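Undergrad: Would you be able to build a 3D model of this:
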Amino acid sequence: MKKKKRIRIEKVFRYFARTGILILGILLFIFSLLSGADRLGGGITGIIYNSPNALPWLILLIFAYIAFRWEILGGLLILLMGVFSIFFFRDPKNPFVFFVISIPLIMLGILFIISGYMKKLE
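TA: Predicted coordinates for the structure are as follows:
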């Protein structure tokens, strides 16, 4: 593969993975922070009491930061989180969670790993 084309593909993978993980991570973090807050008192106190539900997605955002600095390591962490989420969110009656959370995490982790390896080839 020509060097310019490989660099262009690497940049597309990197930007797609970075944009995707930020959008997914922020949306999941906000959703998990606010989703049960109304049952726990509402307002700021409900959000504070519901904040432990958002910890896994805060960890995902930390993994995203690691992936921005070290793509291969961050990609492996995101990939492992995606694989772990398969077992955590396994529900044969509702495959929606599998397709919205697990599959995108696995794909974005793989894109980070591929772009990291392509960057090393330069």
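Undergrad: following the longest helix seen in the chain, which helix or strand comes up?
TA: Of all the elements of type helix in the chain, the one with the most residues (DSSP state H) is helix 3-34. Secondary structure here is assigned by DSSP states H and E; on that basis, the next helix or strand after helix 3-34 toward the C-terminus is helix 43-50.
Undergrad: Return the angle between stretch directions for that next one and helix 3-34.
TA: Here the directions of helix 43-50 and helix 3-34 differ by 110 degrees (axes from the mean of the first three to the mean of the last three C-alpha atoms, to 10 degrees).
Undergrad: Check which helices and strands helix 43-50 sits against.
TA: Contacting helix 43-50 under the criterion 3 or more C-beta pairs under 8 Å, 6 or more residues apart in numbering; DSSP states H and E are the following elements: helix 3-34. Where you see a C-beta, it was placed from the backbone N, CA and C, and this is true even at glycine.
Undergrad: Could I get the buried residue list for the helix it packs on?
TA: Using 16 or more other C-beta atoms under 10 Å as the burial criterion, the residues of helix 3-34 that qualify are 10, 13-14, 17-18, 20-21, 24-25, 28-29, 32-33.
Undergrad: can you redo those as JSON lines with pLDDT?
TA: What follows is the buried residues of helix 3-34, written out as JSON lines (pLDDT from 0 to 100):
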{"residue": "E10", "pLDDT": "87"}
{"residue": "F13", "pLDDT": "92"}
{"residue": "R14", "pLDDT": "92"}
{"residue": "A17", "pLDDT": "95"}
{"residue": "R18", "pLDDT": "95"}
{"residue": "G20", "pLDDT": "96"}
{"residue": "I21", "pLDDT": "96"}
{"residue": "L24", "pLDDT": "95"}
{"residue": "G25", "pLDDT": "95"}
{"residue": "L28", "pLDDT": "92"}
{"residue": "F29", "pLDDT": "93"}
{"residue": "S32", "pLDDT": "87"}
{"residue": "L33", "pLDDT": "87"}
